[in-house]
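Asks: Next input, structure requested:
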Amino acid sequence: MEGALPVSLEDIRAAAHRIAGRIAETPMVPSASLGEIAGVPVWLKLEHHQTTGSFKLRGATNAVVSLSPAERARGVVAASTGNHGRALAYAAKAQGMVATICMSRLVPENKVLEIRRLGADVRIVGRSQDEAQGEVDRLVREEGLVMVPPFDHPAVVAGQGTLGLEIVNALPETATVLVPLSGGGLAAGVAAAIKGVNPKTKVIGLTMERGAAMKASLDAGRPVQVEEVSSLADSLGGGIGPDNQVTFAMCRALLDDVLLLTEAEIAAGMRHAYAREDEIVEGAGAVGIAALLAGKIRSASPVVAILSGRNVDMEQHRRVINGEGAAFAEDSP
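Replies: You can find the predicted model right below:
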């Protein structure tokens, strides 16, 4: 099945070789508390321990080191909800390049500050990912910068897929993988890797109820736009692009299911990660735990949940831990 898709298992294996030594191979640990709740062994892939704090460094690094010398000299640009921008800024700086990152005003300030700290040229544009993308298109057209999209690019998807290779290498008998779903770069890459090795393993995409663009697109059978609103899982916001070339087709072909989570469920996932697993994760990184706590996962054994990022505003995290997070997000426009 994956042979006809834009990114293959061999593409992902090549990416793993390309980025080896440039990213961290993150640990995978059993969770006794979630295993008791789910009734099956549960493992946590601690990708939030990745350098820059999220999985995004895998795809950004693979894309940057794949550029020609002429492309590197022009510099790179991307629209981002935060984590891709931070990863691209880091990957570009490691190669002696300058990155320009365009973000909407919905991106949390802590993520903006970290991207600036890495030396990137930051542009704040509009209130949506699509508006930020408009500025990226202008910079590509008028200044010749090279675009490295946050998800809809074969090199980015192949880089994210290396996370799936690490899972199947560490636990070949994995029955189900729970993966955060936004534009689909992580979900498509992980699913291509997992199913390329073991087609019987289920891959389930998880996202928030508020503004789930890929879920709406899969239901419609084509890329559609949704209204962007604030969420505890802010990294899962943004559209998938009306001219999506890579991730929509891969998610439609490879994902076994897509489940939605409420703000209260996401907050519960963040609290469990902190109180029972000793881990600080952002809302998007907690959706796997949230789905297990909510009883939404029915699976054979074992289950692997990907904790995808830790770049949360610590004041917001404190409020969630104190039981204020669900109310905060539900009341936001």
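
Asks: Name the helix or strand for Ile306, please.
Replies: Using DSSP states H and E, Ile306 falls within strand 303-307.

Asks: any idea how far that strand is from the chain center?
Replies: How far strand 303-307 lies from its chain's middle: 13 Å, per C-alpha atoms, centre = their mean, to the nearest Å.

Asks: what packs against it?
Replies: Helices and strands touching strand 303-307, by 3 or more C-beta pairs under 8 Å, 6 or more residues apart in numbering; DSSP states H and E, are strand 42-46, helix 154-170, strand 176-180, helix 287-293. From N, CA and C alone the C-beta is placed, and that goes for glycine too.

Asks: contacts for the last one?
Replies: Residues from elsewhere that reach helix 287-293, judged by C-beta atoms under 8 Å, 6 or more residues apart in numbering: 34, 37-38, 42, 44, 178-180, 204, 206-208, 233, 236, 259, 261, 265-266, 268-270, 272-273, 277, 281, 297, 303, 305-307.

Asks: ChimeraX command for the buried members of those?
Replies: To isolate the buried ones among the contacts of helix 287-293 in ChimeraX, judged by 16 or more other C-beta atoms under 10 Å, type:
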select :34,37,38,42,44,178,179,180,204,206,207,208,233,236,259,261,265,266,268,269,270,272,273,277,281,297,303,305,306,307
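
Asks: Which members of the contacts of helix 287-293 occur in helices, if any?
Replies: 34, 37-38, 265-266, 268-270, 272-273, 277 (DSSP state H).

Asks: mind listing what's buried in stretch 173-186?
Replies: 174-186.

Asks: possible to save these as JSON lines with pLDDT?
Replies: Below are the buried residues of stretch 173-186 laid out as JSON lines (pLDDT from 0 to 100):
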{"residue": "Thr174", "pLDDT": "97"}
{"residue": "Ala175", "pLDDT": "97"}
{"residue": "Thr176", "pLDDT": "97"}
{"residue": "Val177", "pLDDT": "98"}
{"residue": "Leu178", "pLDDT": "98"}
{"residue": "Val179", "pLDDT": "98"}
{"residue": "Pro180", "pLDDT": "98"}
{"residue": "Leu181", "pLDDT": "97"}
{"residue": "Ser182", "pLDDT": "93"}
{"residue": "Gly183", "pLDDT": "92"}
{"residue": "Gly184", "pLDDT": "96"}
{"residue": "Gly185", "pLDDT": "97"}
{"residue": "Leu186", "pLDDT": "98"}
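
Asks: now for those, which pair is the farthest apart?
Replies: Ala175 and Gly183 (26.2 Å; C-beta to C-beta).

Asks: re the thing from before, how about a markdown table for the ones in helices among the contacts of helix 287-293, with distance to Ile124 and pLDDT added?
Replies: Conversion of the ones in helices among the contacts of helix 287-293 to a markdown table gives the following (distance: C-beta to C-beta, whole Å; pLDDT from 0 to 100):
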| residue | distance to Ile124 | pLDDT |
| --- | --- | --- |
| Leu34 | 38 | 97 |
| Ile37 | 41 | 95 |
| Ala38 | 41 | 94 |
| Glu265 | 30 | 96 |
| Ile266 | 25 | 96 |
| Ala268 | 32 | 96 |
| Gly269 | 29 | 97 |
| Met270 | 26 | 97 |
| His272 | 33 | 98 |
| Ala273 | 30 | 98 |
| Glu277 | 34 | 97 |
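
Asks: List just the nearest of those residues to Ser104.
Replies: Ile266 (20.4 Å).

Asks: Closest one of the ones in helices among the contacts of helix 287-293 to Val229?
Replies: Closest to Val229, out of all of the ones in helices among the contacts of helix 287-293 and judged by C-beta to C-beta, is Ile266, at 13.6 Å.
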